[in-house]
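Peer 1: here are the coordinates; sequence isn't available:
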């Protein structure tokens with residue numbers, strides 16, 4: 001007889017992570033409760049022998065350190081807090097693109113940075129073994145790369161992984177050195193995508209990974225907008241992804257003189273407290289896009305649009321009309337507003353990559369599958385070139 005025998009109906013649903021683990025025999029727990037409560041759920045998972053993906057943000061760093069210490073003592077991995085993306089054995093967690101299986105393992109202290117690499121590799125025909133998100137603070141001085149180093153060791157022992165990539169927003173220098181030292185001893189090729197001044201952008205890293213995996217690199221596709229008149233005094237970057245925002249900021253800082261260029265990560269904790277992530281809810285970015293259209297100092301708006309499971313089911317349905325409206329608002333004031341989009345997605349994502357690209361292009365945006373190419377297109381407009 002099953003657990004419901006005895007005339008009292010089915011067994012009640014589990015009320016804790018531990019009870020669910022005992023019932024289902026799971027190996028990975030996914031925690032997406034509010035940050036105030038995430039620590040208790042994640043610790044419950046670890047104490048029941050589960051690796052844990054902590055999607056929750058707004059978790060204090062002291063609790064992150066305690067979780068990662070517990071994981072180290074138990075030989076487990078904490079992915080997060082604020083782990084936006086992970087793919088474990090073909091199963092996606094959080095915001096995950098649909099990618100083919102293959103030989104590349106990714107360790108990511110970055111959600112959208114990981115998604116950009118996943119999509120560029122898939123577009124080049126190179127698949128993924130695992131993508132282990134470790135949380136955006138993992139390579140900070142406070143956390144010391146605890147989960148990154150643990151994830152490297154796991155991928156070193158994984159027979160399906162032949163090439164390893166580590167992607168992060170700018171890390172603490174001493175932590176970057178520790179990761180470099182571990183990578184050199186891993187026994188497998190390791191490509192470091194640690195963003196910072198003078199370091200390769202994500203597309204350059206993807207090219208290196210593709211060639212290291214023995215595949216042929218092709219530049220990512222783009223859909224150009226119709227030529228426009230300008231002038232374009234400055235860039236406004238309105239991003240859902242923090243790493244893509246930082247990449248664009250770094251490229252602009254290198255190529256353009258200091259000015260009124262501004263880059264905002266709407267996925268930062270201060271914008272997501274009490275509201276959905278901007279990859280789900282575009283309202284804040286649309287509001288800001290229309291405000292920038294009224295600002296005479298703004299010439300180019302740079303947006304990222306991220307596809308995949310967990311993201312908005314049809315972002316172009318909301319963003320394309322907003323782009324048209326913003327360009328009309330600027331036009332009514334005698335200005336031309338250029339819009340450049342970094343479209344992060346794969347051919348198999350549920351939103352439809354081609355359909356999204358065409359809808360955004362038809363709204364007047366220049367659309368690029370490479371986030372770095374999108375940033376350079378925006379830079380070229382300000383610098384007198386064309387997207």
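Peer 2: Happy to help now that I have it. Treat the numbers as computed from the prediction; the structure is a model and nothing was measured. Numbering: from 1, shown residues only.
Peer 1: From here on, just use CA atoms for contacts and neighbour counts.
Peer 2: Fine.
Peer 1: who's in contact with whatever helix or strand residue 154 lives in?
Peer 2: In the assignment (DSSP states H and E), residue 154 maps to helix 146-156. Identification of contacts with helix 146-156 by CA atoms under 8 Å, 6 or more residues apart in numbering yields 68, 72, 77-79, 105, 107-109, 132, 134, 138-139, 161, 164, 179, 182-183, 186-188.
Peer 1: packing partners for the helix or strand just after it?
Peer 2: Once the chain leaves helix 146-156, the next helix or strand it forms, by DSSP H and E, is strand 163-168. Counting contacts by 3 or more CA pairs under 8 Å, 6 or more residues apart in numbering; DSSP states H and E, strand 163-168 packs against strand 101-109, helix 111-123, strand 190-194, helix 202-212.
Peer 1: Paired strands for strand 163-168, with orientation please.
Peer 2: strand 101-109 (parallel), strand 190-194 (parallel) (DSSP bridges).
Peer 1: the inter-axis angle of the last one versus helix 202-212?
Peer 2: Read that as strand 190-194. Relative orientation of strand 190-194 and helix 202-212, computed by axes from the mean of the first three to the mean of the last three CA atoms, to 10 degrees: 180 degrees.
Peer 1: Compute the inter-axis angle for strand 190-194 and helix 111-123.
Peer 2: Angle of strand 190-194 versus helix 111-123, following the same axes, to 10 degrees, is 140 degrees.
Peer 1: mind checking how far the residue nearest to residue 138 when sequence neighbours are not counted is from residue 322?
Peer 2: Leaving aside its sequence neighbours, residue 138 sits nearest to residue 145 (CA to CA, 6 or more residues apart in numbering; 4.9 Å). Residue 145 sits 40 Å away from residue 322, going by CA to CA, to the nearest Å.
Peer 1: just residue 272 next, same as before
Peer 2: Taken as CA to CA, the span from residue 272 to residue 322 is 21 Å.
Peer 1: Those two - which one has more neighbours?
Peer 2: Counted by other CA atoms under 10 Å, residue 272 and residue 322 do not tie: residue 322 has more neighbours, with 19 against 14.
Peer 1: Correct me if wrong: that one contacts residue 284.
Peer 2: No. Contact criterion CA atoms under 8 Å: residue 322 and residue 284 do not qualify, at 11.7 Å.
Peer 1: for residue 116, what are its contacts?
Peer 2: By CA under 8 Å, 6+ apart, the residues touching residue 116 are 202, 344, 345, 370, 371.
Peer 1: just curious, which of these is nearest to residue 379?
Peer 2: When the contacts of residue 116 are ranked by distance to residue 379 (CA to CA), residue 371 comes first, at 12.4 Å.
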